[in-house]
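Undergrad: Mind folding the following:
(one chain, ligands or ions: 2)
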Amino acid sequence: MTQRVLRVQNIYKSFHVGENDVQILRGIDFDVSEGDFLVLFGPSGCGKSTLLHTILGLESPTSGAISYSDSVTFSKMGEDDRSDFRKRQIGMIYQQSNWIRSLSVLDNVAFPLTMLGESDRKASLLARQALGLVGMLQWEAYIPMELSSGQQQRVALARAVATDPNFIIADEPTGNLDFESGQELMHLLKFMNEKKGKTILMVTHDLEYIGFAKSAIRMCDGQIVGKYTEGDREALMHRIIGKRGVEIS
Ligand SMILES: Nc1ncnc2c1ncn2[C@@H]1O[C@H](COP(=O)(O)OP(=O)(O)O)[C@@H](O)[C@H]1O
Ligand SMILES: [Mg+2]
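TA: Ligands and ions are numbered 1, 2, ... in the order given. Take a look at the predicted model:
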């Protein structure tokens with residue numbers, strides 16, 4: 001049995017909109033095992049990003065609990081401890097990378113290491129190693145905005161893994177990429193999962209990426225409507241025919 005490394009327990013989340021409470025997440029419950037590559041998918045607006053923010057401890061759930069271990073339960077921790085845990089244990093990638101525009105590729109990738117107190121020299125060394133893993137070392141002196149979207153996402157992945165976190169959490173990381181760059185990024189994520197032992201949680205509304213995952217969760221309207229493991233992924237993929245992103249059941 002592989003070890004459970006994240007527990008998402010009966011999460012409810014509502015937002016006040018005007019005078020109303022709008023329920024966004026309605027009883028989300030699942031575990032993540034060490035070494036999993038889990039894809040969360042579902043239509044736009046179903047609550048995927050809200051769920052990721054909750055898992056990252058950036059939003060507090062209305063009820064329910066997020067725990068990474070007995071000693072890391074977000075509701076029992078202060079904001080500083082949650083932030084420290086995130087910096088050390090989770091590499092994040094978003095649809096659009098937030099670059100420090102005045103800094104080079106190398107310095108952007110080194111930045112999270114500097115934040116953790118590494119010396120400039122050590123931070124640069126580790127950042128170069130991370131850039132090497134994603135094949136972007138020759139671009140180290142560029143400014144990120146000079147690169148293509150696909151190259152920028154590879155650098156974003158380098159920045160996410162530079163601190164050697166156990167988790168990679170990605171919210172639609174291929175959302176702005178053409179097909180080829182999207183595939184390249186997915187292969188790199190798979191490499192980080194299989195060869196570097198990262199546990200990956202990735203949100204997408206593109207069903208074609210499920211083939212890269214070990215397990216998948218389908219969301220609709222703030223609820224889980226399907227859980228798939230490696231064994232039944234084939235059955236799921238067979239139902240995905242025709243247009244990109246359209247599932248025919
Ligand atoms: N801070 C907020 N206040 C009010 N409504 C929100 C807030 N954040 C998200 N929502 C709403 O929650 C729903 C789910 O959003 P989101 O989690 O971003 O979905 P997804 O990532 O699946 O597209 C949307 O209807 C969105 O408008
Ligand atoms: Mg989203």
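
Undergrad: Can you tell me how far I11 is from D80?
TA: 23 Å (Cβ to Cβ, to the nearest Å). All C-beta atoms are positioned from the backbone trio N, CA, C, and that covers glycine.

Undergrad: out of those two, which sits in the busier spot?
TA: Neighbour count, other Cβ atoms under 10 Å: between I11 and D80, I11 has more, with 24 against 8.

Undergrad: any low-confidence regions in this protein?
TA: Applying pLDDT under 70 to the chain flags residues 1, 233-249.

Undergrad: Have a look at it and report its longest helix.
TA: Criterion DSSP state H: the longest helix present in the chain is helix 179-194.

Undergrad: Close to ligand 1: what parts of this structure are there?
TA: Contact residues (Cβ under 6 Å from any ligand atom) of the chain with ligand 1: F15, V17, I24, S44, G45, C46, G47, K48, S49, T50.

Undergrad: repeat that with 5 Å
TA: By Cβ under 5 Å from any ligand atom, the part of the chain that sits against ligand 1 consists of F15, I24, S44, G45, C46, G47, K48, S49, T50.

Undergrad: Touching the longest helix of the chain from outside, list them.
TA: Applying Cβ atoms under 8 Å, 6 or more residues apart in numbering, the set of residues contacting helix 179-194 from outside is 35, 37, 133-134, 148-150, 153-154, 157, 161, 168, 170, 173-174, 177, 198-200, 202, 206, 209, 212, 214.

Undergrad: Report the buried residues of it.
TA: By 16 or more other Cβ atoms under 10 Å, the buried positions in helix 179-194 come out as S181, G182, Q183, E184, L185, M186, L188, L189, K190, M192, N193.

Undergrad: just how off-centre is that helix within its chain?
TA: 13 Å (Cα atoms, centre = their mean, to the nearest Å).
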